[in-house]
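> test case, fold it:
(one chain, ligands or ions: 1)
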Amino acid sequence: MSKARAKNKKALRPDTTLSPAANPGEEVYLWALPVCCIRALKREVLREAGERRRLELVCGACGRRWRVTSSLDERVLSRFVTHAGPRAGGSYPAA
Ligand SMILES: [Zn+2]
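Below you'll find the predicted structure:
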């Protein structure tokens, strides 16, 4: 029972979206990320707070870089700077 609670506490909300730093026009949900990147994000989010918020998530396993575009998860928001996606009216970089 306590185990289930602990697991729940660590679960990330599925409504976080990210975009690859290499392709900011693309936006994917957290659960669509490669498993290694989800792990990297979890590790970052569950780390003790205190550091400055990060601009990007860098996955140590595959080297992909991600920017958080939106999230309703407070832990994600407290660890990462959110980058408004193109749909939010931000400037869309020319390809
Ligand atoms: Zn990865």
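
> for Tyr46, give me the pLDDT.
Wrong residue type there; residue 46 is Leu, not Tyr. Leu46 is assigned 87 on the pLDDT scale.

> number of nearby residues for it?
12 (other Cβ atoms under 10 Å). To be clear about C-beta, it is placed using only N, CA and C from the backbone, and glycine gets the same treatment.

> ditto for Val35
Val35, neighbours per other Cβ under 10 Å, totals 9.

> over to the one 10 residues further on?
Counted with other Cβ under 10 Å, residues neighbouring Val45 total 21.

> for Val76, give me phi and psi.
phi -70, psi -40 (degrees, to the nearest 10).

> that one contacts Ser70, correct?
No. Using Cβ atoms under 8 Å, Val76 is not in contact with Ser70, being 9.5 Å away.

> common neighbours of these two, please.
Thr16 (Cβ atoms under 8 Å, 6 or more residues apart in numbering).

> looking at those two, which one has more neighbours?
When neighbours are counted by other Cβ under 10 Å, Val76 comes out ahead of the other of Val76 and Ser70, with 23 against 18.

> give me the residue at the spatial middle of this protein.
Val68 (4.6 Å; Cα atoms, centre = their mean).
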